[in-house]
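1. Kindly return the folded structure for what I paste below:
(chains A, B, C and D)
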Protein chains: 4
Amino acid sequence: MNNDRAFWRTAISSVRPNEIRVRGYDLMELIGSRPFGDVVYLLLSGDLPKGNEGRMMDALLVAACEHSVLAPSVNAARFVASAGVPLQAAVAAGTIGLGDFHGGAVESGADMLLEADQTQKLPREAAMHVAYLRKEDGLRLPGYGHAVHDPDPRGRKLLAVAGELGLSNRYVELARAFESVSKEVFGRPLAMNIDGAMAAILLELGLEPGLGKALYVIGRAAGLVAHVYEEQSRERPYRDVGWKNVRYEGPGARTPR
Amino acid sequence: MNNDRAFWRTAISSVRPNEIRVRGYDLMELIGSRPFGDVVYLLLSGDLPKGNEGRMMDALLVAACEHSVLAPSVNAARFVASAGVPLQAAVAAGTIGLGDFHGGAVESGADMLLEADQTQKLPREAAMHVAYLRKEDGLRLPGYGHAVHDPDPRGRKLLAVAGELGLSNRYVELARAFESVSKEVFGRPLAMNIDGAMAAILLELGLEPGLGKALYVIGRAAGLVAHVYEEQSRERPYRDVGWKNVRYEGPGARTPR
Amino acid sequence: MNNDRAFWRTAISSVRPNEIRVRGYDLMELIGSRPFGDVVYLLLSGDLPKGNEGRMMDALLVAACEHSVLAPSVNAARFVASAGVPLQAAVAAGTIGLGDFHGGAVESGADMLLEADQTQKLPREAAMHVAYLRKEDGLRLPGYGHAVHDPDPRGRKLLAVAGELGLSNRYVELARAFESVSKEVFGRPLAMNIDGAMAAILLELGLEPGLGKALYVIGRAAGLVAHVYEEQSRERPYRDVGWKNVRYEGPGARTPR
Amino acid sequence: MNNDRAFWRTAISSVRPNEIRVRGYDLMELIGSRPFGDVVYLLLSGDLPKGNEGRMMDALLVAACEHSVLAPSVNAARFVASAGVPLQAAVAAGTIGLGDFHGGAVESGADMLLEADQTQKLPREAAMHVAYLRKEDGLRLPGYGHAVHDPDPRGRKLLAVAGELGLSNRYVELARAFESVSKEVFGRPLAMNIDGAMAAILLELGLEPGLGKALYVIGRAAGLVAHVYEEQSRERPYRDVGWKNVRYEGPGARTPR
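-> Numbering: from 1, shown residues only, chains lettered A, B, ... in the order given. All right, here's what the predicted structure looks like:
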């Protein structure tokens, strides 16, 4: 195409009548022959897996897909769903909520691992060094500790899978090292959670930290769909917290001057 | 502009260097001299008020702006806000939730009033006729009855304001008529709520039913901002319902075959 | 759990410290051993595949994942991404756009197939009957015809995969029958597109029409992530259409009275 | 209410049957008697205006309400609207796009003014000092310069209104000082734009920088509604950029190994 100043340009896919190519591959050759994880990896990395990256991606998406209503994203989606909106709009309300405190530790955890890697120290020394730097700055270890789980079984399982698939190298070592130094640095042991494991595996897959949220955005979409559909098919419209359950803490009754 | 096949075209406003015109009016002549209600009316109707339409619009926006956390939109926005996202994104999550069951009665109520109007009967007969038709179809009266208020004081107040501003004519009469026939048709009295009053006033203002949601989308934006800001400045991150407060009602523990 | 009046209840998953079960299955037994398609099917249907449903789901998600910027959802997501927002929020803006005219034909197509099925006629007669009914009502065939492709190669490929996986039965037959009668009924041949094929396969999988959008919401999330990331890493901030490219068609310059 | 551990608590408003109070004031006493700007100020600041703050708020909202399709938020909303979604959902897609590069300069501009204020220098010296600090860090002046306007007439008009309303004091002086030192520090004169003026006025109103986006979120909601409604009532469904207008820049055709 000779289209030098196109308003829209992309390196992701090309579409012309009766042909769709993703990163150069004919989409028809991918449908039915490639697992979704392979194609997600293709979309995010630019090429199909050379090894087990697609299987790893599938494992990451499965790990991220569902955690009941114990997630602000899911609560938001269900409230919105109850108000009578199309499925995709309610899911979107939930997706917005995959914020800095809800999956954001994948990106910041990956940044931390890169910082440790760049020290060129052995894993334990690197982790110790970076962990102390963070402590001095009043920062936590992103991807360690969990509000409900101790340890988070998803973190452990993902690392085991990464090992089986030959994707457990320098970054996973560093991630484990942060766990092992956490007690010495922060005074209490902090177990790697799902986000911490995802951060390490993201880097093992050669993906950039800025894609950290992608794993939840794609994987949790499935859980959000299930919750929105359940809300709309099983619960009464207009989820209502009830006025008696709200505590008002503002100024008392007053009159405009 | 000689731009015959523009991808983007609009009759709302024109922008060129150092000039912005809304529906033909210089925005600079509106800033500081016209209340927001006038300009909202301009945007939605195509011209500035010829009478009290702007003051009425202000009253509608004030009526719609806030109802505490007793609204799925607000709950959704606060959950999302707690997850660490920018203010506008959390507000948007709430806005999505202004669905069919949460403000949607303004549009369907306006449609019902138009249907009654087209009978060309006297208000009471028209309302009776249409109310019975709806009852036969198993439908309710959109804009009548409220989960918390009986009657909804906002509905009454808006009608009073419409009367003072000379905007209480045929559609308000019809809306009152539906209230008065509700007991005879549905077996219990149904007081007009805020949505029912908005529906009538929307038509008195000469606006189309399809703009029914606009009043909440614009007015409640202010309340949503306040709630999102309060959540982010006053509450702990990651609003969590607590795993003990969730009742699981699905299949018991089982193992993949 | 003895929690009789829980505000939150769900049959999708249960979470307690160190344990997450989805529809009764331990999530740890799914991570790494089950493809994402199996788990999506589990979330949406309530149980793991008994046959090839998971592989079919993977094929559907791959088919839905990407179609370049030739989709309002993707354009919206890229505009929003250019304004400087977190990845998940830009994806959500795109997700909202998976509306009635953008994937909505899966649900309405499935409804149409159910209507044809309920005639209990042979496929061709059933399709003919329902197609004429729609024509009389001024309706189109949802899932047939495409703005760019003729035929849409994704529709054909999905049906082929369904055949290979043993999931091509009554509903696929009916869907093909609509294609074959389209010329007779509507005066020109209408090839089944991706949505038409998805509609049939959704029913073959035993899923409800109301889940029609789910395939795009989940699958296209991957494409949206790729586009948002590309926009933010490769393009300049604040995508701007340029004031010279907008045609203003409203009232000329005027002054408030 | 004796509700010590309420999940939901708020200081914004209280609702009980037949009564709604916002920051202590009966909403019914505000509807029809107070302009929307007063009530927005009440919601954001915690009390009704003591002087002209409400009129200033109205002017800010009017200034923010519309800028044609020359805003990624509006383009996004229109693309989404074209796909067939409810009005509020399309507006929300646009609202998400009020990101760091699209209104975000109000907050960062206010932070910059506070930094200058804290130097306790005279305006010109304070502005010079902070401007040089930013230049050293490779940062721009948030709220100065504009892609289309030079100068942005909205910035000038807002400052004039602030002057008339007695709300032009220390922060406005500082904001003007940044404009006057811009040439010396950055080598070319940078005129204050709408965001720069909003930043100063936000502080004059006693509001916090974190509310900077609020002015657009609330004000532009009106413009977004108008654009979504126009798109849905005046344009064809499914806004399509056309496959010929997209330039593909990725890998050439290739085959999965």
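2. what residues does chain A put near chain B?
-> Counting by CB under 8 Å from any CB of the partner chain, chain A comes close to chain B at A:68-70, A:72-73, A:75-77, A:79-80, A:82-85, A:89-90, A:92-94, A:96-102, A:104, A:147-148, A:237-243, A:246, A:248. (Glycine included, C-beta is placed from N, CA and C.)
3. when you check chain D, which of those residues turn up near it?
-> Filtered for proximity to chain D (CB under 8 Å from any CB), the residues of chain A next to chain B shrink to A:85, A:89, A:92-93, A:96, A:241, A:243, A:246, A:248.
4. Could you tell me which of the residues of chain A next to chain B belong to strands?
-> A:246, A:248 (DSSP state E).
5. Any quick PyMOL command for the buried ones out of the residues of chain A next to chain B?
-> Only the buried members of the residues of chain A next to chain B enter the following PyMOL selection, criterion being 16 or more other CB atoms under 10 Å in any protein chain shown:
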select buried, chain A and resi 68+69+70+72+73+75+76+77+79+80+82+83+84+85+89+90+92+93+94+96+97+98+99+100+101+102+104+148+237+238+239+240+241+243+246+248
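6. which ones among the residues of chain A next to chain B are found in helices?
-> Among those, the members falling in helices are A:72-73, A:75-77, A:79-80, A:82, A:89-90, A:92-94, A:96 (criterion: DSSP state H).
7. Distance to A:A214 added to the ones next to chain D among the residues of chain A next to chain B, as TSV?
-> Shown next, in TSV, are these (distance: CB to CB, whole Å):
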residue	distance to A:A214
A:V85	25
A:A89	21
A:A92	16
A:A93	19
A:I96	15
A:V241	33
A:W243	40
A:V246	37
A:Y248	41
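8. Would you convert those residues into TSV that also reports pLDDT?
-> As requested, these are arranged in TSV below (pLDDT from 0 to 100):
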residue	pLDDT
A:V85	98
A:A89	98
A:A92	98
A:A93	98
A:I96	98
A:V241	96
A:W243	96
A:V246	97
A:Y248	98
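9. Scan chain A for its longest helix.
-> Max-length helix for chain A by DSSP H is helix A:214-234.
10. is any part of that helix close to chain C?
-> Yes. Counting by CB under 8 Å from any CB, chain C is contacted by helix A:214-234 at A:214, A:216-219, A:221-227, A:229-230, A:232-234.
11. I'd like to check what contacts stretch A:244-257. Which residues are they?
-> Under the criterion CB atoms under 8 Å, 6 or more residues apart in numbering or on different chains, residues B:68-70, D:1, D:3-4, D:6-15, D:21, D:23-26, D:29-30, D:33-34, D:46-48 lie in contact with stretch A:244-257.
12. Just the buried ones from those residues?
-> For these, buried by 16+ other CB under 10 Å: B:68-70, D:6-15, D:21, D:23-26, D:30, D:34, D:48.
13. about what we covered before: give me the subset of the contacts of stretch A:244-257 that lies in strands.
-> Those of those lying in strands (DSSP E): D:8-10, D:13-15, D:21, D:25-26.
14. and the residue lying closest to A:R236 once chain neighbours are set aside, what is it in contact with?
-> Nearest residue to A:R236, sequence neighbours excluded (CB to CB, 6 or more residues apart in numbering or on different chains): A:S82, at 7.7 Å. Taking CB under 8 Å, 6+ apart as the criterion, A:S82 is in contact with A:231-232, A:235-239, B:72, B:101.
15. The residue nearest in space to the middle of chain A and A:G94: what is the separation?
-> Taking CA atoms, centre = their mean, the centroid of chain A lies closest to A:Y216, which sits 3.4 Å from it. Look at A:Y216 and A:G94: by CB to CB, to the nearest Å, they are 11 Å apart.
16. Return every residue with contacts to both of the two.
-> Common neighbours of A:Y216 and A:G94 (CB under 8 Å, 6+ apart) do not exist.
17. Contact distance from chain C - what residues of the stretch 51-200 of chain A qualify?
-> So far as CB under 8 Å from any CB goes, the stretch 51-200 of chain A lies against chain C at A:55, A:58-59, A:61-63, A:65-70, A:75, A:86-89, A:91-93, A:95-100, A:103, A:148-154, A:157-158, A:160-161, A:164-165.
18. Name the residue of the stretch 101-250 of chain A that lies nearest to chain C.
-> Of all residues in the stretch 101-250 of chain A, A:V161 sits closest to chain C, at 3.5 Å by CB to the nearest CB.
19. Thought A:G84 was touching A:P237, still the case?
-> Yes. With contact defined as CB atoms under 8 Å, A:P237 reaches A:G84; the gap is 6.1 Å.
20. Can you work out which residues contact both of these two?
-> The contact lists of A:P237 and A:G84 share B:F101, where a contact means CB under 8 Å, 6+ apart.
21. for A:F7, what are its contacts?
-> C:241, D:241, D:245 are the contacts of A:F7 under CB under 8 Å, 6+ apart.
22. which of those residues lies closest to B:E204?
-> C:V241 (37.0 Å; CB to CB).
23. wait, doesn't that closest one sit right on D:P72?
-> No. Counting by CB under 8 Å, C:V241 does not reach D:P72; the two are 9.0 Å apart.
24. For A:M1, give me the pLDDT.
-> pLDDT recorded at A:M1 is 40.
25. no, scratch that, I was asking about A:R257
-> pLDDT, read off for A:R257, is 80.
26. Next, count neighbours for it.
-> Neighbour count for A:R257, taken as other CB atoms under 10 Å in any protein chain shown: 5.
27. now A:K244
-> Counted by other CB under 10 Å, the residues lying close to A:K244 total 10.
28. What score does it have for pLDDT?
-> 96.
29. now swap in A:D4 and tell me
-> 53.
30. For A:A147, what are phi and psi?
-> Backbone torsions of A:A147, given as degrees, to the nearest 10, read phi -70, psi -30.
31. Am I right that A:L27 is in contact with A:R21?
-> Yes. Assessed by CB under 8 Å, A:L27 is found in contact with A:R21 at 6.7 Å.
32. Spit out the residues that contact those two alike.
-> By CB under 8 Å, 6+ apart, the residues touching both A:L27 and A:R21 are A:S13.
33. Quick one: residues contacting A:M28.
-> A:20, C:153-154, C:157.
34. For those, please prepare TSV with the additional fields pLDDT, secondary structure and neighbour count.
-> Shown next, in TSV, are the contacts of A:M28 (pLDDT from 0 to 100; DSSP: H, G, I helix; E, B strand; the rest coil; neighbours: other CB atoms under 10 Å in any protein chain shown):
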residue	pLDDT	secondary structure	neighbour count
A:I20	98	strand	25
C:P153	97	helix	21
C:R154	98	helix	26
C:K157	98	helix	23
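35. Of these, which is the nearest to D:N193?
-> A:I20 (42.3 Å).
36. wait, what's in contact with that closest one?
-> A:13-14, A:26-28, C:66-68, C:153-154.
37. need the next SSE after the helix or strand A:V106 falls within, C-terminal direction.
-> Per DSSP states H and E, A:V106 falls inside helix A:105-118. For helix A:105-118, the following helix or strand on the C-terminal side (DSSP H and E) is helix A:123-136.
38. What residues sit buried inside that following helix?
-> Result for helix A:123-136 [16+ other CB under 10 Å]: buried residues A:123, A:126-128, A:130-131, A:134.
39. by contact count, what packs against it?
-> Helix A:123-136 sits against helix A:105-118, helix A:170-186, with contacts defined as 3 or more CB pairs under 8 Å, 6 or more residues apart in numbering or on different chains; DSSP states H and E.
40. circling back to that earlier point, kindly calculate the angle that the helix holding A:V106 makes with helix A:170-186.
-> 90 degrees (axes from the mean of the first three to the mean of the last three CA atoms, to 10 degrees).
41. CA atoms only for helix A:105-118, dumped as CSV, please.
-> C-alpha atoms of helix A:105-118 as CSV (Å, rounded to 0.1, in the frame of the first residue of the first chain):
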residue,chain,number,x,y,z
ALA,A,105,2.2,-4.9,40.8
VAL,A,106,3.0,-7.0,37.7
GLU,A,107,4.5,-4.0,35.9
SER,A,108,6.1,-2.5,39.0
GLY,A,109,7.4,-5.9,40.0
ALA,A,110,8.9,-6.4,36.6
ASP,A,111,10.6,-3.0,36.8
MET,A,112,12.0,-4.1,40.2
LEU,A,113,13.4,-7.3,38.7
LEU,A,114,15.0,-5.4,35.9
GLU,A,115,16.6,-3.1,38.4
ALA,A,116,17.9,-6.0,40.3
ASP,A,117,19.1,-7.7,37.1
GLN,A,118,21.1,-4.6,36.1
